[in-house]
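1. need a 3D model of the sequence below.
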Amino acid sequence: MAKTDNSTFEQKLFKSADKLRKNIDAAEYKHVVLGLIFLKYISESFSEKYHELEKDEYSDPEDRDEYIAANIFFVPKEARWSHIHANAKLPTIGQTIDQAMEAIERENKELKNVLPQVYGKANLDKTSLGELIDLISNTDLQAENENSKDLFGRVYEYFLGEFANAEGKKGGQFYTPKAIVKLMVEMIEPYKGRVYDPASGSGGMFVMSEKFVTEHQGNIKDITVYGQESNHTTWKLSKMNLAIRNINSKFVVWNNEGTFLKDAHPDLKADYILANPPFNQSDWGIDILQEDGRWKYGTPPNGNANYGWMQHMLYHLSPRGVMATVLSNGSLSSNTSGEGDIRKNLVDKDLVECIVALPKQLFYNTGIPACIWFLRREKSNTSKEVLFIDASEMGYMKSRVHRDFTEEDIAKIRDTYLNWRKQNQTVTSSDSRGTSELYREASDSANAELYRDVKGFCKSATLEAIQKHSYVLTPGRYVGIPDEEDDGIPFEDKMADLTATLKEQMDKEQELNKEIATQLAKIGLRL
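-> Reported below is the predicted structural model:
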């Protein structure tokens, strides 16, 4: 009986594309594949509009302005997929694609210096390149292509993740695992406003924010994304990633000085900030930034930029804004070079809202455990409590070296946080009525779920409790150890069973020892 293949469309496509990689490193091959996927997408979008204009006797399908008005990239004849596919088997296909990329950049200024022009390289086998073009052109892709934005967006996103996995530590520099991004986005809920990522990588935070808006029947035009990336190659990937999703990336910029030394958005006040900056970054420029206005809560040390990143984000947070950032666990407890004082100031100013401890092996570039900090300018909880969630034992091993969250894991963490916030908003919404009365109102609500501390998982801690722990914010200190479940078997019965089993094992041991002695005696050996 034939084995059923339950692979998704993206998985099948990546598996086929990877077979054609041959001797090329994943770091180089990703630009080849992702560039072609992007080219296919914009050609499909162009063709769809082209055929629509052909049917209108008053429209010219070759009029570039028609496409600009519809927010569609104009694709010149030499760059259209039909031309690329027709030349796929020729030895000059590499040059043909490079020329196509150059022509698209020339016609669309927002793509200038973005598209890869690597196809004419000698180390790229042109036969395999032709087969890759056939693969991306295949009938399955065309059949599924009823909504090209969703399909190509899914494919691009999946391929980014797989290439990050293949590259290991280097992959983590441009890609944050999808489950982490989804968790962060669903917790801060970026419905409307300015979304900022100061270390934007390949744009995953923006893509997930767009998904969140559309899944909640919002309008993608209601959010504007701002980003900065110091790696030019990664920035190119992000520009293509966002273009496929039809996300305006006008304010996602590149400069090689980096976010600290050259802030690309100095006047920005963002409603939502999402980031996964480099862990424990050293020599990041504090020597020339000592008096910088961003260090409102203390000057970060040169040996570690964790609190530099956090304060940079706070500086750009609007008066009612919320931010979520991934940092190494060291940020929760370090007292090195004034870091403990900065953390104390953040807590005392009632900016820290929630800390989520993550399990090991979630990230491609490091196996060390990390955490997510949630900070909010205007916390609803006037009692200055902080929610601690310990998710360090959650998830499953996706592969031998990587862990991932299930949808249920994400929902459990997200709902715990949202219910806690909802309850705190209810409790602090009135100055006169008692807490118990407001609790009852919340529980009577059809959709309300009351937050409860769960030993070993979550705890809403007071400022006094945090002070008692010297402002160390490691969730394990607050949530405690989960209670062991009682299996209902009396202790006496358990001990009787255990001792009976032990007696059987000891008797068996004696029998085995005798047998060993007998066998050794047969060959003239004695114990």
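2. from residue 58, how far out is residue 300?
-> The gap separating residue 300 from residue 58 is 61 Å, by C-beta to C-beta, to the nearest Å. Heads up, the C-betas are built off the backbone N, CA and C, glycines and all.
3. in terms of neighbours, single out the busier of those two.
-> Just comparing residue 300 and residue 58: by other C-beta atoms under 10 Å the higher neighbour count belongs to residue 300, 26 against 5.
4. isn't the more buried one up against residue 342?
-> Yes: using C-beta atoms under 8 Å, residue 300 makes contact with residue 342 at a distance of 6.9 Å.
5. need the residues touching each of those two.
-> Counting by C-beta atoms under 8 Å, 6 or more residues apart in numbering, the common neighbours of residue 300 and residue 342 are 307, 311.
6. in the protein, what helix or strand scores lowest on average pLDDT?
-> Between all helices and strands in the chain, the lowest mean by mean pLDDT, DSSP states H and E belongs to helix 435-444, at a mean of 40.
7. C-terminal to that one, what's the next element?
-> Sequence-wise, the next helix or strand downstream of helix 435-444 (DSSP states H and E) is strand 458-461.
8. residues contacting residue 474?
-> Counting by C-beta under 8 Å, 6+ apart, residue 474 makes contact with 329, 332-333, 357.
9. next, format those as TSV and append distance to residue 514 and pLDDT.
-> Shown next, in TSV, are the contacts of residue 474 (distance: C-beta to C-beta, whole Å; pLDDT from 0 to 100):
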residue	distance to residue 514	pLDDT
329	54	94
332	58	97
333	57	95
357	54	97
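10. next step: these restricted to strands.
-> Counted as lying in strands by DSSP state E, out of the contacts of residue 474, are residue 357.
11. among the contacts of residue 474, which ones are buried?
-> Neighbour-count burial (16 or more other C-beta atoms under 10 Å) is assigned, among the contacts of residue 474, to 329, 332-333, 357.
12. where's residue 106, which helix or strand?
-> Going by DSSP H and E, residue 106 is in helix 93-107.
13. quick one: the next helix or strand after that helix to chain centroid distance?
-> Per DSSP H and E, helix 93-107 leads on to helix 126-136 as the next helix or strand towards the C-terminus. Computed by C-alpha atoms, centre = their mean, to the nearest Å, the separation of helix 126-136 from the middle of its chain amounts to 30 Å.
14. let's have the chain start at 28 instead
-> Fine by me, first position is 28 from now on; the one you just mentioned is helix 153-163.
15. what helices or strands is helix 153-163 leaning on?
-> Under the contact definition 3 or more C-beta pairs under 8 Å, 6 or more residues apart in numbering; DSSP states H and E, helix 153-163 sits against helix 36-46, helix 53-81, helix 108-113, helix 120-134.
16. quick one: list the elements packing against the last one.
-> So that's helix 120-134. helix 53-81, helix 108-113, helix 153-163.
17. ditto for the shortest one
-> Contact partners of helix 108-113 among helices and strands, from 3+ C-beta pairs under 8 Å, 6+ apart: helix 53-81, helix 120-134, helix 153-163.
18. which one of the ones you listed lies nearest to residue 495?
-> Judged by C-beta to C-beta, the one of the helices and strands packed on helix 108-113 that comes nearest to residue 495 is helix 53-81, at 48.2 Å.
19. how big is the angle separating the closest one from helix 153-163?
-> Angle, helix 53-81 to helix 153-163, by axes from the mean of the first three to the mean of the last three C-alpha atoms, to 10 degrees: 50 degrees.
20. name the nearest residue to residue 405, ignoring sequence neighbours.
-> Spatial nearest neighbour of residue 405, chain neighbours left out: residue 347 (5.0 Å); criterion: C-beta to C-beta, 6 or more residues apart in numbering.
21. who's in contact with that neighbour?
-> Residue 347 neighbours (C-beta under 8 Å, 6+ apart): 298, 404-405.
22. out of those, which comes closest to residue 552?
-> The closest of the contacts of residue 347, once distances to residue 552 are taken by C-beta to C-beta, is residue 404, at 80.4 Å.
23. what about the closest one, neighbour count?
-> Residue 404 has 17 nearby residues by other C-beta under 10 Å.
24. how about residue 525?
-> Count around residue 525 with other C-beta under 10 Å applied: 10.
25. state the distance from it to residue 536.
-> Residue 525 is 16 Å from residue 536, by C-beta to C-beta.
26. where does the prediction get shaky in this structure?
-> For the chain, applying pLDDT under 70 flags the ranges 28-34, 166-177, 195-201, 392, 407-410, 453-475, 510-515.
27. show me what contacts the residue nearest to the spatial centre of it?
-> Centroid-nearest residue in the chain: residue 208, 3.0 Å away (criterion: C-alpha atoms, centre = their mean). Each residue near residue 208 by C-beta under 8 Å, 6+ apart is listed here: 231-232, 235, 301.
28. how about residue 535?
-> If a contact means C-beta under 8 Å, 6+ apart, then residue 535 has no contacts.
29. residue 87: which element?
-> Here residue 87 sits in a region with no helix or strand, counting by DSSP H and E.
30. test my guess that it contacts residue 80.
-> Yes: counting by C-beta under 8 Å, residue 87 does reach residue 80; the two are 7.0 Å apart.
31. ok so, going back, as TSV, the helices and strands packed on helix 120-134 with distance to residue 423 and mean neighbour count would be great.
-> Output for the helices and strands packed on helix 120-134, formatted as TSV (distance: least, C-beta to C-beta, whole Å; neighbours: other C-beta atoms under 10 Å):
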stretch	distance to residue 423	mean neighbour count
helix 53-81	24	19
helix 108-113	39	16
helix 153-163	31	18
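32. re earlier: for residue 312, find the nearest of the helices and strands packed on helix 108-113.
-> With C-beta to C-beta, the closest approach to residue 312 among the helices and strands packed on helix 108-113 belongs to helix 53-81: 26.9 Å.
33. alright, calling it a day.
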